[in-house]
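Visitor: 3D, please:
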Amino acid sequence: MSKLEIKDDLWDVIRRLLPPEPDRPKGGRPRVPDRAAINGIVFVLRTGIPWEHLPLRLGYGSGMTCWRRLRDWQQSGVWDRLHKELLRRLRSYDQIDMSRVSVDAASVPFPPGGEETGPNPTDRGKLGCKRHVAVDARGTPLSFLISGANTHDSKCFEAVVNALPAVGGLRGRPRRWPDKVHADKGYDYEHCRHALRHRGIVQRIARRGVESSQRLGKHRWVVERTFAWLNRFKRLRIRYERRPEIYLAFGLLACSLICWRAIERFC
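Guide: A predicted model of the protein is given here:
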């Protein structure tokens with residue numbers, strides 16, 4: 001179980017981003033420590049177990065306590081700030097390659113339905129959710145958005161590009177726009193190409209009826225590998241969260257953990 005816990009170095013980063021603990025003028029039960037709650041959230045994210053099945057013997061608090069912290073910290077912007085801070089650390093070691101960025105989307109089932117869901121045309125109309133990501137040339141996740149499974153990839157393209165953060169860490173202004181953006185035929189529309197031209201980004205979008213669909217291409221395979229990394233977090237394989245901001249929080253946390261793994265390996 002110890003490998004699922006947040007390590008000291010990562011906890012030092014997270015705790016500086018957390019809001020102060022609320023005052024408790026009327027007393028009550030002692031508050032579950034933030035680090036224990038973080039460990040519980042990561043445990044659920046990695047294993048995919050229901051919140052109510054989180055074992056109390058692990059000392060992480062109840063599943064509902066962890067869920068509330070995940071919700072509250074998402075509302076406070078903690079997960080977005082954590083992701084950006086880890087990206088900044090990666091770039092400070094020159095470990096983010098902005099020479100090209102790949103954009104893609106993948107659907108996951110969500111049987112109950114709700115906000116940001118829709119009938120999946122590739123899965124016999126079953127309800128689902130779609131994850132949109134942009135990754136650098138090494139597969140590091142830069143932005144993560146969600147929509148209904150019936151939303152065409154191209155409709156979220158500009159939003160995914162706009163979600164690219166301005167990443168500092170090196171001398172000069174923070175870097176936001178890549179040199180090139182790669183995408184598959186699902187993005188072969190003029191408004192997608194215009195969105196890139198408007199930002200001074202070279203487009204490398206596969207053309208329908210011209211280029212073969214049998215291969216992912218020399219550069220776009222990295223985004224498929226990133227989806228495989230995300231699917232290692234079992235809670236992301238199927239969307240169980242009725243509230244979209246909770247699933248989005250899980251996605252941002254997973255992206256942050258992928259970035260942290262890269263920091264441990266290369267920095």
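
Visitor: pull the CA atoms of the longest helix anywhere in the chain into CSV?
Guide: Selection of the longest helix in the chain by residue count, based on DSSP state H, yields helix 244-266. Written as CSV, here are the backbone C-alpha positions of helix 244-266 (Å, rounded to 0.1, in the frame of the first residue of the first chain):
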residue,chain,number,x,y,z
PRO,A,244,-18.2,16.6,-14.1
GLU,A,245,-15.9,18.7,-12.0
ILE,A,246,-15.1,15.7,-9.9
TYR,A,247,-14.0,13.7,-12.9
LEU,A,248,-12.1,16.7,-14.2
ALA,A,249,-10.3,16.9,-10.8
PHE,A,250,-9.3,13.3,-11.1
GLY,A,251,-8.0,13.9,-14.6
LEU,A,252,-5.9,16.9,-13.5
LEU,A,253,-4.5,15.0,-10.6
ALA,A,254,-3.6,12.1,-12.9
CYS,A,255,-1.8,14.5,-15.2
SER,A,256,0.1,15.9,-12.2
LEU,A,257,1.2,12.5,-11.1
ILE,A,258,2.4,11.7,-14.7
CYS,A,259,4.4,14.9,-14.6
TRP,A,260,5.8,14.0,-11.2
ARG,A,261,6.9,10.7,-12.5
ALA,A,262,8.8,12.5,-15.2
ILE,A,263,10.4,14.8,-12.7
GLU,A,264,11.6,11.9,-10.6
ARG,A,265,13.0,10.2,-13.7
PHE,A,266,14.6,13.1,-15.6
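
Visitor: state the mean pLDDT of it.
Guide: For helix 244-266, mean pLDDT rounds to 97.

Visitor: what sits up against that helix?
Guide: Outside helix 244-266, the residues within contact range by C-beta atoms under 8 Å, 6 or more residues apart in numbering are 10, 41-42, 45, 67, 70-71, 73-75, 79-80, 82-83, 86-87, 89-90, 93, 95, 114-116, 129, 131, 138, 140-141, 144-146, 226, 229-230, 233, 235-236, 239, 241. For every residue, glycine as well, the C-beta is placed using N, CA and C.
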